[in-house]
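*Asks:* Please work out how this folds:
(chains A and B)
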Amino acid sequence: MTVKDLLGEESFQLINESSQMETEITKPFCCDLLSIAMSKAPAGAVWITVMGNVNTLAVASLTETACIILAESSVLDDTASEKAKTEGIPVFRTEQPIFEAAVKVMKMMEKKG
Amino acid sequence: MTLTYDLHIHSCLSPCGDHDMTPGNIIGMSMLKGLDVIAVTDHNSCGNCEAAMKIGKDYGITVIPGMELTTLEEVHVVCLFADIKKAMAWDAFVYKQLMEVKNNEEIFGTQLLYNAEDEVIGKKDKLLINAANISFDRVYDLVDSYGGIMIPAHIDKQANSLLSNLGFVPPESKFHIVELKDFSNLHRLQKENPYLLECKVLSDSDAHYLNDISEKGYTLTADSKTPEAVIKSLKNTLSGKEYKNAGVFKKRSL
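*Replies:* The predicted structure is shown next:
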């Protein structure tokens, strides 16, 4: 399953499109402390968090996560939004809580096989 | 005396600080902006404070050695010290509490150390924006043991602030100064968090770029223009807890 397939879930709204929509997804990953995400986020993960600041994008780039989903209607601030564009990281937004969003991703992955 | 201030400025030692934020340029811009007192507060490091203090002395700007600590909960706290020796002792302590993650310059930016000639003399290896293994509730006593004061940073911001990350002011808190990005948020925050009614409130720039350093405007008072006098003046407020014990909370109607 690739990042592009997440567009099939209507509660996920794409807020930063990038050329990296074909990246293969490995698993969902939930964490809001950047210092932990930095050392634990698996490459290719769909990272679900409420932290929408510029360091979130830096950590995503460092750990090679496939994309970010901002849960609980969190937003990217202006600097983060700029960074998402320059780093080319796909970012989605959802009203869902973190756990529910992760379960949705997991179910989509299982369905895709 | 009344002093114009900006007590939260990043130098190019912070990976996110602009390359133009050398100690010399910070002093120069602070002069242009008409500031009397500034603090250089890099993420988890006091490494460029000495250079800034020396240059500041030549140009009549008081530089308070400081740091913007990232707690275990990723709450940013400005820590200010009366002298550079104690600040550097604190710096060494905090560096040991940082995770063993090296800075990746391409992603986070460079972490450059400067001397008083405004020349690069080295760089910090560990990534400075990471969390230190110091929880928020320990900060007051720890910083106090180095003669410094803690100021929860930009508590009105949505990221890395006391109120965004912890959600409330822990009832056992002892700090008595807070920093706001924007003073217009003060009354709303005081209403939501009565603890803040008994705090001194500062507003700093948190500048990462030269042009963001505060315009002359906000002031504080101190007996003289030295770091010691400014720290003494900032300390010279009862903490929230002492106010509670003194019954001030009871007298106040919200």
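*Asks:* Show me where chain A dips below the pLDDT cut-off.
*Replies:* A:113 (pLDDT under 70).
*Asks:* swap the cut-off to 90 and go again
*Replies:* Counting by pLDDT under 90, chain A contains low-confidence ranges at A:33-36, A:38-39, A:51-55, A:77-79, A:112-113.
*Asks:* Any idea which residue is closest to the centre of it?
*Replies:* Centroid-nearest residue in chain A: A:Ile68, 1.4 Å away (criterion: Cα atoms, centre = their mean).
*Asks:* Hmm, that residue is touching A:Pro90, no?
*Replies:* Yes - counting by Cβ atoms under 8 Å, A:Ile68 touches A:Pro90, with 7.4 Å between them. Every C-beta, even on glycine, is put in place using the N, C-alpha and C of the backbone.
*Asks:* Spell out which residues are contacts of both of the two.
*Replies:* Common contact partners of A:Ile68 and A:Pro90 (Cβ atoms under 8 Å, 6 or more residues apart in numbering or on different chains): none.
*Asks:* For the residue nearest to the centre of chain A, give the beta-bridge partners.
*Replies:* Under DSSP bridges, the beta-bridge partners of A:Ile68 are A:Trp47, A:Val91.
*Asks:* quick one: contacts for it?
*Replies:* A:Ile68 makes contact with A:46-49, A:56-57, A:60, A:84, A:89-92, according to Cβ under 8 Å, 6+ apart.
*Asks:* Report the contact partners of the spatially closest residue to A:Ala41 that is not a sequence neighbour.
*Replies:* Excluding the flanking residues, the one nearest A:Ala41 by Cβ to Cβ, 6 or more residues apart in numbering or on different chains is A:Thr63, at 4.0 Å. By Cβ under 8 Å, 6+ apart, the contact set of A:Thr63 is A:37-38, A:41-43, A:45, A:47.
*Asks:* how close does A:Thr63 sit to A:Lys27?
*Replies:* Going from A:Thr63 to A:Lys27 by Cβ to Cβ, to the nearest Å gives 13 Å.
*Asks:* A:Thr49 now?
*Replies:* Applying Cβ to Cβ, the value for A:Thr49 to A:Lys27 is 15 Å.
*Asks:* And for B:Leu163?
*Replies:* In terms of Cβ to Cβ, B:Leu163 sits 32 Å off from A:Lys27.
*Asks:* So those two - more neighbours on which side?
*Replies:* More crowded of B:Leu163 and A:Lys27, by other Cβ atoms under 10 Å in any protein chain shown: B:Leu163, with 21 against 13.
*Asks:* I'd guessed the more buried one sits against B:Leu196; true?
*Replies:* No - look at B:Leu163 against B:Leu196 with Cβ under 8 Å: they stay out of range, at 9.5 Å.
*Asks:* which residues are in contact with both of these two?
*Replies:* Joint contacts of B:Leu163 and B:Leu196 (Cβ under 8 Å, 6+ apart) are B:155, B:169, B:189.
*Asks:* Where do the strands of the chain begin and end?
*Replies:* Just so you know, I chose chain A. Applying DSSP state E to chain A gives strands spanning A:13-16, A:28-30, A:46-49, A:67-70, A:91-93.
*Asks:* Please refer instead to chain B.
*Replies:* Under DSSP E, chain B gives strands at B:2-9, B:37-43, B:62-70, B:76-80, B:112-114, B:120-123, B:149-152, B:177-180, B:200-203, B:219-221.
*Asks:* Tell me which of those strands sits nearest to B:Gly56.
*Replies:* Ranking the strands of chain B by their distance to B:Gly56 (criterion: Cβ to Cβ) puts strand B:62-70 first, at 3.9 Å.
*Asks:* I'd like the distance from the closest one to the chain centre, please.
*Replies:* In terms of Cα atoms, centre = their mean, to the nearest Å, the centre of strand B:62-70 is set 5 Å apart from its chain centre.
*Asks:* Thought B:Glu74 was touching A:Ser35, still the case?
*Replies:* Yes - here A:Ser35 lies in contact with B:Glu74, judged by Cβ under 8 Å, at a distance of 6.7 Å.
*Asks:* Overlap of the contact sets of the two?
*Replies:* Counting by Cβ under 8 Å, 6+ apart, the residues touching both A:Ser35 and B:Glu74 are B:Ala131.
*Asks:* Tell me the residues of chain B that contact chain A?
*Replies:* For chain B, the residues in contact with chain A (Cβ under 8 Å from any Cβ of the partner chain) are B:16, B:70, B:73-74, B:99, B:101, B:104, B:107-108, B:127, B:129-131, B:158-160.
*Asks:* No more questions from me, cheers.
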